[in-house]
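1. Kindly return the folded structure for what I paste below:
(one chain, ligands or ions: 1)
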Amino acid sequence: MNIDILTILPDILDGPFSQSILKRAIEKKIVTLKIHNIRNYSTNKHRTVDDYAFGGEAGMVLAIEPIDRLISKLKAENQYDEIIYLTPDGERFNQQIANQLSVKENIMLLCGHYKGVDQRVRDHLITKEISIGDYVLTGGELAAAILVDAIVRLIPGVLSDETSALTDSFQDNLLAPPSYTRPADYKGWKVPDILLSGNHDEIDVWRMKQSVERTEKLRPDLFSKNIKKKQTE
Ligand code: 6GU
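-> Numbers count the residues shown, from 1 in each chain. Next up is the predicted model:
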């Protein structure tokens, strides 16, 4: 998979991709990640990328020209499956969208700032708009990093235990069951006996029951989604 990220603050993205699983996915060439500085595509002598909003509204707006020049250049090199603008008023990101994006070949992510981008970027250059939740960040970079993390770990070969992405919380609208490791007794806080029993069928039943109970208690919204789905099956 090729991922291109377009930003005016490329340094923010240095950290997340230079560690652990994402770093290894890049080293193994399962993912190619390129970070492009929009400022390098500004044509004026001060290399500005933003301007005052028409109509007297407060705040600066990212201008269309440098963004269009960069997107056009990339589109001449690759055929993009999605060109995604990260914005708090986009479609709310979830596991289902991560699954859909994880099977794509070429994805472009555009990070906004200030009052956002000129609306014409959204109307003419973008194929999808995504938000990571109902709160406002200073820019789209951290949201882009979250998207990339959630998507890349789903690509076969990225996680060492390939089945583990399938048992994640949310893959079937259920939260994951609790996990434990040694010691079996720490300060009197004990691991449930069933997990030490060696009876794998019973352990599977226990895990499923824990998943259902946790989902009902902690995420009643997800739980009712499951019930509605079962009723229509
Ligand atoms: Cl994608 N961008 C910004 N700036 N704020 C957000 C967001 C994105 N998702 C939630 N809040």
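2. Contact residues of the chain facing the ligand?
-> Neighbours of the ligand within the chain, by Cβ under 6 Å from any ligand atom: 86-88, 131-133, 135-137, 139-140, 143. Bear in mind the C-beta positions are built from the backbone N, C-alpha and C, glycine included.
3. If you rank those residues by neighbours, which is first?
-> With neighbours taken as other Cβ atoms under 10 Å, the top of the residues of the chain next to the ligand is residue 140, carrying 31 neighbours.
4. And the pLDDT for it?
-> Note on residue 140: pLDDT of 97.
5. what's it in contact with, if anything?
-> Residue 140 is in contact with 7, 85-87, 109-113, counting by Cβ atoms under 8 Å, 6 or more residues apart in numbering.
6. what does residue 71 give?
-> Contact analysis of residue 71 by Cβ under 8 Å, 6+ apart lists 6, 83, 108, 110, 125.
7. So what sits opposite the fourth one in the bridge?
-> Residue 110 has these beta-bridge partners by DSSP bridges: residue 6, residue 85.
8. For it, give its distance to the ligand.
-> From residue 110 across to the ligand, the span is 10 Å (Cβ to the nearest ligand atom, to the nearest Å).
9. what's the answer for the last one, then?
-> Noted for residue 125: a distance of 16 Å to the ligand, by Cβ to the nearest ligand atom.
10. can you tell me the helix or strand for the closest residue to that residue other than its chain neighbours?
-> Distance criterion Cβ to Cβ, 6 or more residues apart in numbering; nearest residue to residue 125, sequence neighbours excluded, is residue 71 at 5.3 Å. Using DSSP states H and E, residue 71 sits in helix 64-77.
11. What is the neighbour count of residue 49?
-> Neighbour tally, residue 49, other Cβ under 10 Å: 23.
12. before we move on, what about residue 96?
-> 11.
13. which SSE is the residue nearest in space to the middle of the chain in?
-> By Cα atoms, centre = their mean, the chain has its centre lying nearest to residue 147, at 1.6 Å. Using DSSP H and E, residue 147 falls within helix 141-152.
14. elements contacting that helix?
-> Judged by 3 or more Cβ pairs under 8 Å, 6 or more residues apart in numbering; DSSP states H and E, helix 141-152 is in contact with strand 2-7, helix 20-27, strand 82-92, helix 95-102, strand 106-111, strand 128-131.
15. okay, those, which one's buried deepest?
-> strand 106-111 (a mean of 24; mean count of other Cβ atoms under 10 Å).
16. Okay then, goodbye and thanks.
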